[in-house]
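**Student:** Here you go, sequence then predicted model.
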Amino acid sequence: MDIPLDALFEAAAVARERAYAPYSKFLVGAAVLGESGRIHVGCNVENVAYPVGTCAEAGAIAAMIAAGDRTISAVAITGSGETPCLPCGACRQRIMEFAGSDTRVYCSGINTVYYSESDISALLPASFSIS
C-alpha cells in the first residue's frame with residue numbers, strides 16, 4: 001500500500017490543533033493509516049488527575065478500531081515542539097499490537113521540515129505479545 005505521507009501529516013496536524021493540553025501546553029496529533037486506506041486521527045487530552053489523560057496515538061488507534069480497521073499500515077505523529085515528537089513507551093506497545101514489525105512511524109515537530117522515520121520494531125525492540 002502506498003503511504004499518503006502528506007495526507008497523514010496534514011490529518012495529524014489538524015488533530016494536534018484540537019488537542020486539550022491546558023497543563024503541559026504540549027499539543028500532539030496522531031494519524032494512523034488503517035488497512036482499508038482510511039486515515040484515523042487522535043489528539044492528546046490532559047486531565048488534572050495525572051496520568052489519566054489520553055495520548056494522541058491511543059485516540060487514533062481507538063478511532064481506527066471503532067471504524068472497523070484492525071491493522072495499522074503507517075503512523076504520523078506531530079507535536080508542538082521544535083523536535084520530532086516520538087511516541088511514549090505505552091503508545092509504542094499500542095502501535096506494535098496493531099501493526100507489523102515493519103510498520104513505518106513518521107514523527108515531526110511543529111516546524112520540522114524533515115521527518116524522522118523508523119519502523120516500530122526499532123522503536124520497541126522487546127514488545128509484549130498476546131500469543
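**Tutor:** Sure thing, it's come through. Bear in mind the structure is a predicted one, so any value in this text is a computation, not a measurement.
**Student:** So which bits of the longest strand along the chain are buried?
**Tutor:** For the chain, the longest strand by residue count, based on DSSP state E, is strand 99-108. Residues of strand 99-108 classed as buried: 99, 103-108 (neighbour count, 16 or more other C-beta atoms under 10 Å). The C-beta positions use only the backbone N, C-alpha and C, and glycine is treated the same way.
**Student:** Arg104 is in contact with Val75, correct?
**Tutor:** Yes. Val75 is within contact range of Arg104, at 7.3 Å (criterion: C-beta atoms under 8 Å).
**Student:** after the lowest-mean-pLDDT helix or strand in the chain comes which helix or strand?
**Tutor:** Least confident element among the helices and strands of the chain, by mean pLDDT, DSSP states H and E: strand 116-119 (a mean of 69). Per DSSP states H and E, the first helix or strand lying C-terminal to strand 116-119 is helix 120-123.
**Student:** Now that next one: buried residues?
**Tutor:** Going by neighbour count (16+ other C-beta under 10 Å), the buried part of helix 120-123 is 120-121, 123.
**Student:** Equivalent analysis for stretch 2-11, please.
**Tutor:** Residues of stretch 2-11 classed as buried by neighbour count (16+ other C-beta under 10 Å): 4, 8-11.
**Student:** Of those residues, which is the nearest to Arg70?
**Tutor:** If you rank these by distance to Arg70 using C-beta to C-beta, Leu8 comes first, at 18.3 Å.
**Student:** On the three-state scheme, the closest one is what?
**Tutor:** helix (DSSP: H, G, I helix; E, B strand; the rest coil).
**Student:** which non-adjacent residue is nearest it?
**Tutor:** Using C-beta to C-beta, 6 or more residues apart in numbering and skipping the chain neighbours, the partner closest in space to Leu8 is Ala76 (3.8 Å).
**Student:** all strands of this protein, in order?
**Tutor:** With DSSP E, the ranges of strands along the chain come out as 28-34, 39-43, 72-79, 99-108, 116-119.
**Student:** partners of the third one in the sheet?
**Tutor:** Take DSSP bridges as the rule and strand 72-79 pairs in its sheet with strand 28-34 (antiparallel), strand 99-108 (parallel).
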